[in-house]
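1. Provide a 3D model corresponding to the input given below.
(chains A, B and C)
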Amino acid sequence: MEDEIVIGVKNLKKYFPIDKGILAQLFALRSAGFIKAVDGVNFKLKKKRIFGLAGESGCGKTTIAMLLTKIYAPTGGEIFFKNKEISHIEGDKLKEFRQKCQMVHQDPYESLNPQFTISESVMESLNALGLESKKERRNIVSEMLRSVNLSPEQYWDKYPHEISGGELQRVNIAAALACGPELLIGDEPTSMLDVSIKAEIITLIRNLVEKKGLAFLYISHDLAILSQVSDVIAIMYLGKVVEIGRPRDLIGNPLHPYTKALINAIPIPDPRFSSRAVDIKGDITTAISIPEGCRFIERCPYATLRCEKEEPLDIEGDSDRHQSSCLLS
Amino acid sequence: MLEIRNLKVKYLTHLGEIKAVNNFSFKLEQGDKIGIAGESGCGKSSLIKAIVRILPSNTIVDGEIYFKDKNLIAMEDEEFRKSVRWKEISIIPQSAMNALNPVYRVCDQIVEAIRTHSEITRNEALEKTERLLEYVGINPTRMYDYPHQLSGGMKQRVMIAMAIALNPSLLIADEPTTALDVIVQHRILRRIIEIQEELENSLIMISHDISLIAQTCNKIIIMYAGKIMECGDIDAIFYQPYHPYTLGLQNAFPNINILEQNIVSIPGLPPSLIDLPKGCLFADRCPFSQPVCRKEEVNQFEVEEGHFVSCLFTDKAEEFRGLAKREDTWKMRL
Amino acid sequence: MKIMKISFVAQQLRILKENRLASAGAFIILLMILLSILSPWVAPYDPWKTNFDKNGKVEMLKPPNNQFLLGTTLYGRDVLSQMLIGSRVTLLIGFFAGFCSAFIGANIGLISGYYGKITDNILMRITDIVYGMPFEPFIIVMVIILSPPKISTIGLAIILITWRTTARVVRSEVLSIRERPYIILAKIRGADNFRIIYRHIAPNILPLILVYFCASVAWSVIAYASISFLGFGDPNILSWGSMLYEVFANGSIRAWWWFIPPGICLSIFIVSLYMVARCYEEFSNPRLRTHR
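-> Numbers count the residues shown, from 1 in each chain, chains lettered A, B, ... in the order given. Down below sits the predicted model:
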């Protein structure tokens, strides 16, 4: 079913303790505090849909990718994969999950082991998870390479340093798809690619999502690209989702001041559009000393007294509705 | 003010001669803000390095670069360093955040830059640094910090401060906002434009992002494989583009205000700079190329005043513009 | 190990060929290995046998001549034959102890660097302790404890003191590789810890390990020669070190033909090892890697 929910997170949290220097550790008694990288996030990813996750650096989007791929364990909240709670699974159950959830990283050059040939890299998930027979694995690798428009004969024995960035990213996608996952996470999959290659990869991702019925989490700081490619966009700021909705709604009618600022800051490829005002002040703060109430207060041009005291609205996981956490929206 | 004639830059490597810049010619008037757009490897960095003379030793430079009627290429190193670099022409390098020495304080680095190229005392230089930092939007108390204590945006502003310290006539910004978040990028660009307008110097901005150039510059040069494909006023290029490469590039930059655009890519890869193909360098990826395109090197045609295009089929531009918007036009080349 | 494919050998040959110094070094080492293997057939005399001349007198301390190309020892033994046969133990212990030392050190470095935290702490503290011990005195003490001295005990002692360097160096390299995207992706693709360490990380550290393998062989050879020279070696085993011991123990310093050949050959062997090691060091240096 198209609307089938593949993965959902509820009140997901990840806090990193701050290391203090040796002297402070020796003499101080209180803990130094935490970096609240992800501080209560809800969303659901569905089959055949691209879910865009946007935000500036430090907002927590890469941490979410690490949480979903089980590289980090959550500090709080729940992760549901098809109705099964997976926050703390291990061993065989973890291996089962790994087959269902894969990732593509932003740096095409650093994503492949320089000692592996292309075929070995693509086959890695099959080898590591012990899937299929040896002969079947070779067939799958050929099929995967073909599905990303790379000819198996040409690329089988090549090494990463012999091919270009765009081709490497396609290899990465093939490697991620080899074990037949249902959920694919792209952590800035095109940000390090050349302009004319970006579109190729995006089209490829779109086609694969459609053909294989994947749920795709597209993480990017580039709202312009997300607006073209996502079915739903979520904007993150300092560990929380501040607005979520369909591109048409979110970009056409942004409700949260941060979203408005982000959209206004994006340059338009049209010289007659002079750049618009971006009203927010200051620089991004770190997620350590987060004030009570809305965490966007210090930079928000519309902040009221209410915003300091009350918690902003909760964003429900129901991603199809246009929701904003701003009290004033 | 700056005139480049037939510039060629070649790197000598054991794999062969890498022809990074091929027959590059253009003129910059005072007060111009020229954007140079192109993908990685198109030669824009080499061009800049040739102007500021920071090319490595294994390069051959041909042609002429006239700056205020002096040929920069023919100049002696000493003279260039004393009179031109930093004083007349300065550069905000790419990855500027990595250009700061992590073991020296910010103020020390700026002061050193100032005093290397001008005769003022240390105290005067410190005062100037304070004013500069304020001017670019940094609280002057931060000048005693070390680079790692500053954010990416602030480091970039420090680099801008250094670049404008001696009020150069020409400011070159090499991808000044890569690796910066979009809001910081917006602010930095705005400041660069404001500074340029206040100090009345000229600006060359290099970027792979034509949207940035659209917001900042008044003229644009589209570079590919070391050659100029199209150049002219920004309005002319954006609204009446002629060259197929420009058309392809436009497709690759979605306008956030227009939803459900097709992001179309230009298939193929740029040509090897060691074995440059004959004729038009874009022919292999061009959906409109004909056999004649590969015969001889294509010169620039002036289609309107100040608007130059390196294409043999400028008369078919209308037709091309329509076809370029369709996805299947670009698929044919695969 | 599956990592060592046939193409690995071909790859190593190609790397060595590109570097002239390394090629020369490798050539010398191979020549020495060959001579030492063939030594029973090449050596003109039995190295232990005392040689007598026509009159029944011992051919004592004869300088190089037509009969004895490198002269004779105090006991009338042919120096050349001693050199050839003695090379076997010297090289054997060098390669064997060097290999074991590098193997142990590399594994400790891999495990310590990958797992971090407590494992790392414990292993590195042990390494620190071993680092604190002086080289030759440790071996001498071990030899005395495990006396009588035999090459097996000396070899063991050498291994126990030399693994420390490889361990530290490999560990620091592992620390940097561990955070690379392709390792995190390997985890996501389903690789368990063992697979990540040996299939993903180790191949990238191999050039570095080879550098320290060459160095370990060099240290082992020097160690054994030094110990023998000091008189703690196995008296029944002939090696270049034992030859040096004999010369100086008897005060026969004038017999230059007796101590210079083993000394020079030791030096040449060590230098050749270092030349090969340098080539791998350049190769494993990340800055040079991008030029490939």
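2. quick one: least confident helix or strand in chain B?
-> Within chain B, no helix or strand scores below helix B:327-331, which has a mean of 76 by mean pLDDT, DSSP states H and E.
3. my guess is C:I183 contacts C:I196, does it?
-> Yes. The criterion here is CB atoms under 8 Å, and C:I183 meets it with C:I196 at 6.4 Å. Just so you know, the C-beta spots here come from the backbone N, C-alpha and C atoms, and that holds for glycine as well.
4. Now the residue in the stretch 51-200 of chain B positioned nearest to chain C: closest residue in space that isn't a chain neighbour?
-> Proximity of the stretch 51-200 of chain B to chain C (CB to the nearest CB) peaks at B:N58, 13.5 Å away. Excluding its sequence neighbours, the residue lying closest to B:N58 (CB to CB, 6 or more residues apart in numbering or on different chains) is B:L12, at 4.6 Å.
5. tell me the strands in chain B, going along the chain?
-> B:2-13, B:16-28, B:33-37, B:59-67, B:70-71, B:89-92, B:170-174, B:202-207, B:219-224, B:227-233, B:301-304, B:307-309 (DSSP state E).
6. hmm, who's touching the fourth one?
-> The list of residues contacting strand B:59-67 from outside it, by CB atoms under 8 Å, 6 or more residues apart in numbering or on different chains, reads B:1-12, B:23-24, B:50-51, B:55, B:71-74, B:84, B:88-89, B:170.
7. Pairing partners for that strand, with directions?
-> Strand pairing for strand B:59-67, using DSSP bridges, gives strand B:2-13 (antiparallel), strand B:70-71 (antiparallel).
8. Three-state assignment for A:K36, please.
-> strand (DSSP: H, G, I helix; E, B strand; the rest coil).
9. Surely it and A:G239 touch.
-> Yes. Counting by CB under 8 Å, A:K36 touches A:G239, with 5.2 Å between them.
10. Any stretches of the stretch 151-300 of chain A with poor pLDDT?
-> Filtered on pLDDT under 70, the stretch 151-300 of chain A yields the residue ranges A:274-292.
11. what do you get if the cut-off is 90, keeping everything else the same?
-> Scanning the stretch 151-300 of chain A with the threshold set as pLDDT under 90 gives A:151, A:153-154, A:157-159, A:161-167, A:190-203, A:221-229, A:237-300.
12. just the helices in it please.
-> Assigned by DSSP state H, counting those that start in this stretch, the helices in the stretch 151-300 of chain A fall at A:152-155, A:165-177, A:195-212, A:223-229, A:247-252, A:257-265.
13. which other helices and strands contact the second one?
-> The reference is to helix A:165-177. Here helix A:165-177 touches strand A:101-104, helix A:118-129, helix A:134-147, helix A:195-212, going by 3 or more CB pairs under 8 Å, 6 or more residues apart in numbering or on different chains; DSSP states H and E.
14. quick one, which of these is nearest to A:P312?
-> Nearest to A:P312 among those is strand A:101-104 (30.0 Å), distances taken as CB to CB.
15. Sort out which residues of that closest one are buried, please.
-> A:C101, A:Q102, A:M103, A:V104 (16 or more other CB atoms under 10 Å in any protein chain shown).
16. Dump those to JSON lines, plus distance to C:I188.
-> JSON lines is the format used below for the buried residues of strand A:101-104 (distance: CB to CB, whole Å):
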{"residue": "A:C101", "distance to C:I188": "8"}
{"residue": "A:Q102", "distance to C:I188": "6"}
{"residue": "A:M103", "distance to C:I188": "5"}
{"residue": "A:V104", "distance to C:I188": "10"}
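17. restrict the residues you listed to contacts with chain B.
-> Near chain B, judged by CB under 8 Å from any CB of the partner chain, there are no entries from those.
18. nearest to chain C, of the helices and strands packed on helix A:165-177?
-> The closest of those to chain C is helix A:118-129. By CB to the nearest CB, the value is 3.9 Å.
19. who touches that closest one?
-> With contacts defined as CB under 8 Å, 6+ apart, helix A:118-129 is touched by A:95, A:98-99, A:102, A:112-113, A:116, A:131-132, A:137-138, A:140-141, A:144-145, A:152, A:155-160, A:163, A:171, A:174-176, A:178-179, C:186, C:189-192, C:195.
20. before we move on, back to that, ok, and which of the strands paired with strand B:59-67 has the densest surroundings?
-> Per-stretch averages of neighbours, counted by mean count of other CB atoms under 10 Å in any protein chain shown, single out strand B:2-13 among the strands paired with strand B:59-67, with a mean of 17.
21. Just give me how far that strand sits from the chain centre.
-> Offset of strand B:2-13 from its chain centre (CA atoms, centre = their mean, to the nearest Å): 15 Å.
22. Quick one, grab the pLDDT at the residue of chain C positioned farthest from its centre.
-> Most distant residue from the mean C-alpha position of chain C: C:N55, 43.9 Å away (CA atoms, centre = their mean). Reported pLDDT at C:N55 in the predicted model: 79.
23. For it, give its distance to C:L74.
-> Per CB to CB, to the nearest Å, C:N55 is found 19 Å from C:L74.
24. Now the buried members of the contacts of helix A:118-129.
-> A:95, A:98-99, A:102, A:112-113, A:116, A:131-132, A:137-138, A:140-141, A:144-145, A:152, A:155-156, A:159-160, A:163, A:171, A:174-176, A:178-179, C:186, C:189-191, C:195.
25. Flag every residue of chain C that's near chain A.
-> C:180-182, C:184-192, C:195, C:200, C:203-204, C:289, C:292.
26. can you do 10 Å?
-> Residues of chain C lying near chain A by CB under 10 Å from any CB of the partner chain: C:3, C:177, C:180-192, C:195-196, C:199-206, C:289-290, C:292.
27. Counting neighbours, what do you get for residue 135?
-> No chain was given, so I picked chain A. Using other CB atoms under 10 Å in any protein chain shown, A:K135 has 8 other residues around it.
28. ah, no, chain C please
-> Neighbours around C:F135, by other CB under 10 Å: 14.
29. ok, now which ones touch C:K187?
-> A:T69, A:K70, A:I71, A:R98, A:A128, C:N193, C:R195, C:I196, C:H200 (CB atoms under 10 Å, 6 or more residues apart in numbering or on different chains).
30. hmm, the helix or strand containing the fourth one in reach of chain C?
-> So that's A:R98. A:R98 is located in helix A:91-100, with elements delineated by DSSP states H and E. Yes. Legend: contact between helix A:91-100 and chain C by CB under 10 Å from any CB is shown at A:G91, A:L94, A:K95, A:E96, A:F97, A:R98, A:Q99.
31. Next, format the residues you listed as CSV and append pLDDT.
-> Formatted as CSV, those follow (pLDDT from 0 to 100):
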residue, pLDDT
A:G91, 85
A:L94, 90
A:K95, 90
A:E96, 90
A:F97, 92
A:R98, 92
A:Q99, 92
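32. Can you tell me which of those comes closest to chain C?
-> Lowest distance from chain C to these (CB to the nearest CB) belongs to A:R98, with 4.4 Å.
33. Can you tell me the closest non-neighbouring residue to the closest one?
-> C:G190 is the one closest to A:R98 (CB to CB, 6+ apart), at 4.4 Å.
34. In a strand, that neighbour, correct?
-> No. Counting by three-state DSSP, one finds C:G190 to be coil, located in no strand.
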